[in-house]
Structure formats: structure tokens, C-alpha cells
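K.L.:
Structure of the sequence below:
(chains A and B)
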Number of protein chains: 2
Amino acid sequence: MVHILKNLPKNSLSGRIEAAMVRAVALSGSSQAPEKLLSALQYATFPGGARIRPTILTSVAMACADDQPELTDAAAAALELIHCASLVHDDLPCFDNADVRRGKPTVHRGYSEPLAILTGDSLIVLAFEALSSVPSADPARSMKLVQILAHQTGMPNGICAGQGWESEEKIDLSAYHRSKTGALFVAATQMGAVAAGQDAEQWYELGARIGEAFQVADDLRDVMFSEEELGKPAGQDILHERPNAVSELGLDGAQSRLKDILAGAISSIPSCPGEAQLAQMVTLQAKKIMPDVKTRSEV
Amino acid sequence: MVHILKNLPKNSLSGRIEAAMVRAVALSGSSQAPEKLLSALQYATFPGGARIRPTILTSVAMACADDQPELTDAAAAALELIHCASLVHDDLPCFDNADVRRGKPTVHRGYSEPLAILTGDSLIVLAFEALSSVPSADPARSMKLVQILAHQTGMPNGICAGQGWESEEKIDLSAYHRSKTGALFVAATQMGAVAAGQDAEQWYELGARIGEAFQVADDLRDVMFSEEELGKPAGQDILHERPNAVSELGLDGAQSRLKDILAGAISSIPSCPGEAQLAQMVTLQAKKIMPDVKTRSEV
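P.N.:
Numbering: from 1, shown residues only, chains lettered A, B, ... in the order given. So this is what the prediction gives:
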């Protein structure tokens, strides 16, 4: 996997995150590992998507002085591994039954359904192994990272709960969005702060608001873009009768809501040494996720 | 779930383990949880099977003076949750396609396939959350528990790897058995020792040998017993063309091998305050798993 690192600018944030991912995924390899599962696990993690969650996590840690960079790296990789696991399982035939992810066949299509289930399971476990693999001067910090990651991944508040809501006849929409999409963004801001020795609580709001923005942006993209443009199937929300901000608010209403949420996110950033730079990062990430509604609607 | 505790003798080892399980599973409940997933999660964990792994873990901790009993309890529950998760996923249609487990419908039969996948995922995460939920005087001990549990669950050495071997054309039999069955017994002895402040390394052999014994006993049961007697489908190894000690060594050979392994297990117990009692416990567990071959073969 070393070739992945060669193509990235050294010392860049994305280079740092890919290097952390390579180190974490290497924990699952050995000459004694079953080859296909190992290959599927690497396939599900490289090349990655936008790596938005670890980017936010690392940016928050850097804004808080990042005094244990190895712990920050492990936390960033752990969070991204959980995200990758959720994509592999969500794509399975009994959920989204998706054929394409990140522009290539999904894991169950490229390998098999058993290997896709085991890949997701292994990635969840690997996330916690990555957190435990860094010798920390402050193991209480590492334990807090385990706790936050578990809390935002499992039941009753994490992404497992979010996916679980789709099996209910009556959906609690606010709990659904908060857990399905918001949870890992809350994990991103809180874990970034904790890795740098700060309190988690005051970083909740930034994560929650970025999560809301991301959900609305995802809803917009699902309605507006083609499978080719998205690198995954489009129109899934209508197909699976899932709630979508565009059906609720219309195209203009959803776009205006997205802008409001992002403004709120930036104003919620707690006071810290790198506050201004962090605000810039949020704006930059926002531009990446914000679909260009005007141009599109004129086409 | 409180009724579960009422039927157990207070202060017994099994009562202690069920109480630890109830506390751990309660972490996943809330009025805001999706109800079906929560129900499936409880269904997959109560009533339990023999709870052999947490019994071994707690017995080892008690043999080592058990100075942080809350941490031991969390470790015991975490290990059993991983075991329950593995059963739910192994039973899925694309693996064993089992209809019955512990005498009742498997989770995907009783609920649905999506809920079974999410139940397994949530249980894996809950295991790590349980470990992080105990305020410990010594967080380094908790982190070591996270590390051992992750190592023995994921890739390349844990039960995920074990299941992964079944997708390979050429199986490394020794790696297969060590990871598929042995891994969680190694976790049991090592986590018990670490929860009580002891070094993990010297407890590896006891766990590995109990794991080998359990594998041979399971092979014997799979061949000898009916679905009704097992509470799960019988004859699965032949059906799925999996390696089985009885096909390799014959009935007498497999039984004699089981006895040898158990003797080795007992003689490997490291010197500790409760050494004699621990040897008794291993003998007791051995009697529970040892099928009565003589009686059976005369029938």
C-alpha cells in the first residue's frame, strides 16, 4: 500500500491522513491472514473517498495544539475505518443492494457477500485496535476515544441505530438523521478535541451541525446527480422511500437551509488557539459538499 | 431484563456473569433507540448459552485476586458480547444459513436479515463500549483489555479471520482452528489476568489449549448429536465440507486427543493464588463440553 503515499504531497493534511490509514490497515495484515479477506479489507479502505471525517478530526486536534499527534492519527484512522465499515455493510443486498461504490464494484460484488460481512466486522474491530495500538502517555485519553467512538457507532445513538431506524414502521426523523449521519461528525469533532487533551462536551455542537449540513447536501446530491457523477447509485432515497430534505423543502429551500446550518456550525466553534484556521477548514469542506445548485438548475 | 437475575443464585459465578451482561446490554437501550434493533440485540444475548468464555475469564481474574471486580465484569461481558455477535453473523443465510440457535429461531429468522447484520455490528461495538464504561483507577489496564479483545476478534488472528478462512480455496488448518475457536479462549484467559493486573503473555497457553479442547469437543458433538440435542443444526461440518477432528482421527482418536489437550491445559496454569481452584474450574468446564462418547457409541 506504500504506493498510495507516493502520490500525495508530503506534510499535507491529506498525506497525513492517508499515512495514518496505511498504518492502521497494516495492523490487519500478516503472512498468516486469509488472503481474500485481507484483500477485501484493503479494497474497502483504499483508495478512499473524501476522508471528510478524519479531516475534520485532525483539523480540530490541530486547532487545539495537537500535543499527541500519533494519538490524533490513530483516532482519525479509527473513525474513517468505522465509516468504511458502514459503507460496506450498507451496500449489502439486504440493505441498499448497491453495485457501485467510489466508482468501483461494491465489496460484495467484487468479492462475495460473506467476505463483505466479514470485511465490515473486521473494520469495526480494527478501528478499536488502532486506538489501542498507540502507546500513550495518557491512557485515559485513549479510553475516552474508545468510549466516544463506540457511543457514536453503536446503539442507541450511533450509526448502527441510524441504520436500524430503517427497519421501523414509524421513524423518529430527528433521531434517524442524528444517528445515521450526524453521529460520526460528532465523533470527529469530539475525538479531535480529546486526542489533543481537550474536553469533548463543548465540541458536540460543531459536529452535530456539520452532520446536519452533510445530510442536506447528501439529499441534494441524491436527487440532482447521476450515478456516474456520484460514483454510486443515485435516486436511492426515492427508491427506498427514505426521507429527503429536497422532498420536504424543495430545491431552493434545501439549499438555503444548508447555508444556514453551515453558518451556525462556524459560529459554534469553541475558543481555541487555531479557531480561525478551523473556521476556514469548515468553509472549505462545505464548498466540497455543497452541490452547485444554480448551475445545475440552469442546465 | 431484571427477571433474568431473579432466577439465579445470588453470589454465584453465573449470577455475577449474568448481572454483568445485563449492565452491559443496558448501555444500548434508551427510549430513543429503534425498538426492533434493541429487541433483536436483547434476543441475541438473553437467555445465553453456557457463558463458557466469561466464566473462564472471571475464574482467571479470581485466581489472580480480582482487585478490580467491576473491570473484570466489564471484560467478561465484552467477551461474551463478541461471542454472541459472532453467532448472529455466522448463522446468516450466506454463511451457515441456520434456522435455530440456542433452541429458538436465529436472529435473521426471528427478526430479519438487515436486523441480524445490525445486531452483530451493534454487539461488537457494545463490547468495546462496555470496556470503556468502567471508571478505572488504572486506564492502562482498560486499554490493554481493548487491545487483547480487538486482537482476538479481528484480522489477522481473531474470529473474523477464522471465518474468513472458510472463503479460501486452500485452508491453513492450524491458523483456521486457532483463530476460529481458539482466539476467544485466549482472550478469556488473557483478559482475566489483565483485568486483575497481571501480565497477559503467560496466560496464552491455557487459553489456547482450552480452545483446542473446545474445538475437538465441538467436532464430536457435531457428528454425534441431533439438532434437538444441540439446540442448533447438526452435521454442519460434513454439510459445509469443513475440517472435523472425528473425520481425521476417528471417534476414539478424537476422544483421546481431547483428554490429552485438557491435561496439558491444566498443567499450563501459571502459578497464582487461586491455582488449585482454577484447575478445578477447567476440569468442571471440560466435563460440561466432553460428550459421553462411550454411552453414545453403545446406543
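K.L.:
where does chain A dip in pLDDT?
P.N.:
A:1-11, A:291-299 (pLDDT under 70).
K.L.:
ok, which stretches of the stretch 1-150 of chain A are helices?
P.N.:
For the stretch 1-150 of chain A, applying DSSP state H, counting those that start in this stretch gives helices covering A:2-6, A:13-26, A:35-43, A:52-63, A:69-90, A:107-110, A:113-132, A:139-153.
K.L.:
For B:Asp91, which of these is the nearest?
P.N.:
Across the helices of the stretch 1-150 of chain A, B:Asp91 has its closest neighbour in helix A:113-132 (11.5 Å, Cβ to Cβ). Every residue, glycine included, has its C-beta placed from N, CA and C.
K.L.:
Please work out which of the helices of the stretch 1-150 of chain A is packed deepest.
P.N.:
Greatest average neighbour count among these goes to helix A:113-132 (a mean of 28), per mean count of other Cβ atoms under 10 Å in any protein chain shown.
K.L.:
Send me it as CSV with only the CA atoms.
P.N.:
Output in CSV follows, covering the C-alpha atoms of helix A:113-132 (Å, rounded to 0.1, in the frame of the first residue of the first chain):
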residue,chain,number,x,y,z
GLU,A,113,-21.4,-11.5,0.4
PRO,A,114,-19.7,-13.5,3.2
LEU,A,115,-16.4,-11.6,2.6
ALA,A,116,-18.3,-8.2,2.7
ILE,A,117,-19.9,-9.0,6.0
LEU,A,118,-16.5,-10.1,7.4
THR,A,119,-14.8,-7.0,6.0
GLY,A,120,-17.3,-4.8,7.8
ASP,A,121,-16.9,-6.7,11.0
SER,A,122,-13.1,-6.7,10.7
LEU,A,123,-13.0,-2.9,10.0
ILE,A,124,-15.1,-2.2,13.1
VAL,A,125,-12.7,-4.2,15.3
LEU,A,126,-9.7,-2.7,13.5
ALA,A,127,-10.9,0.8,14.5
PHE,A,128,-10.7,-0.1,18.2
GLU,A,129,-7.4,-2.0,17.7
ALA,A,130,-5.9,1.1,16.0
LEU,A,131,-6.9,3.2,19.1
SER,A,132,-5.2,0.7,21.4
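K.L.:
right, is that helix up against chain B?
P.N.:
Yes - applying Cβ under 8 Å from any Cβ of the partner chain, one finds helix A:113-132 in contact with chain B at A:113-115, A:117-118, A:120-122, A:124-126, A:128-129, A:131-132.
K.L.:
one step back: distance to B:Ala98 for the helices of the stretch 1-150 of chain A - can I get that in a markdown table?
P.N.:
Shown next, in a markdown table, are the helices of the stretch 1-150 of chain A (distance: least, Cβ to Cβ, whole Å):
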| stretch | distance to B:Ala98 |
| --- | --- |
| helix A:2-6 | 40 |
| helix A:13-26 | 32 |
| helix A:35-43 | 21 |
| helix A:52-63 | 36 |
| helix A:69-90 | 20 |
| helix A:107-110 | 20 |
| helix A:113-132 | 14 |
| helix A:139-153 | 27 |
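K.L.:
how about those helices, which one is nearest A:Pro243?
P.N.:
helix A:69-90 (16.0 Å).
K.L.:
and that closest one, what other elements does it pack with?
P.N.:
For helix A:69-90, the contact count by 3 or more Cβ pairs under 8 Å, 6 or more residues apart in numbering or on different chains; DSSP states H and E identifies helix A:13-26, helix A:52-63, helix A:113-132, helix A:139-153, helix A:159-165, helix A:183-195, helix B:113-132 as packing neighbours.
K.L.:
will you turn those helices into a markdown table that also has distance to B:Arg221?
P.N.:
Formatted as a markdown table, the helices and strands packed on helix A:69-90 follow (distance: least, Cβ to Cβ, whole Å):
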| stretch | distance to B:Arg221 |
| --- | --- |
| helix A:13-26 | 38 |
| helix A:52-63 | 45 |
| helix A:113-132 | 24 |
| helix A:139-153 | 34 |
| helix A:159-165 | 33 |
| helix A:183-195 | 41 |
| helix B:113-132 | 24 |
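K.L.:
do you know which of the ones you listed lies nearest A:Ser174?
P.N.:
Nearest to A:Ser174 among the helices and strands packed on helix A:69-90 is helix A:159-165; the distance by Cβ to Cβ comes to 10.5 Å.
K.L.:
what sits up against the closest one?
P.N.:
Applying Cβ atoms under 8 Å, 6 or more residues apart in numbering or on different chains, the contact partners of helix A:159-165 are A:82, A:86, A:89-90, A:95, A:152-155, A:171-172, A:175-181, A:183-184, B:33-34, B:36-38, B:114-115, B:118, B:121-122, B:125.
K.L.:
ok, A:Glu205 - how many residues close by?
P.N.:
17 (other Cβ atoms under 10 Å in any protein chain shown).
K.L.:
distance of it from chain B?
P.N.:
Noted for A:Glu205: a distance of 19 Å to chain B, by Cβ to the nearest Cβ, to the nearest Å.
K.L.:
Over to A:Leu41?
P.N.:
According to Cβ to the nearest Cβ, A:Leu41 stands 6 Å off from chain B.
K.L.:
hang on, that residue packs against A:Ala26?
P.N.:
No - contact between A:Leu41 and A:Ala26 fails when scored by Cβ atoms under 8 Å: they sit 10.9 Å apart.
K.L.:
Verify the contact between A:Ala286 and A:Ile261 for me.
P.N.:
No - using Cβ under 8 Å, A:Ala286 is not in contact with A:Ile261; the gap is 9.3 Å.
K.L.:
which neighbours do the two share?
P.N.:
With contacts defined as Cβ under 8 Å, 6+ apart, the residues shared by A:Ala286 and A:Ile261 are A:Ala213.
K.L.:
Up against chain B, what does the stretch 151-299 of chain A have?
P.N.:
Proximity of the stretch 151-299 of chain A to chain B, by Cβ under 8 Å from any Cβ, involves residues A:151, A:153-158, A:160-161, A:163-168, A:172, A:175.
K.L.:
Quick check: PyMOL command selecting the buried ones in these.
P.N.:
The PyMOL selection below is limited to those of these classed as buried (16 or more other Cβ atoms under 10 Å in any protein chain shown):
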select buried, chain A and resi 151+153+154+155+156+157+158+160+161+163+164+165+166+167+175
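K.L.:
Could you double-check that A:Leu173 sits in contact with A:Pro243?
P.N.:
Yes - with contact defined as Cβ under 8 Å, A:Leu173 reaches A:Pro243; the gap is 5.8 Å.
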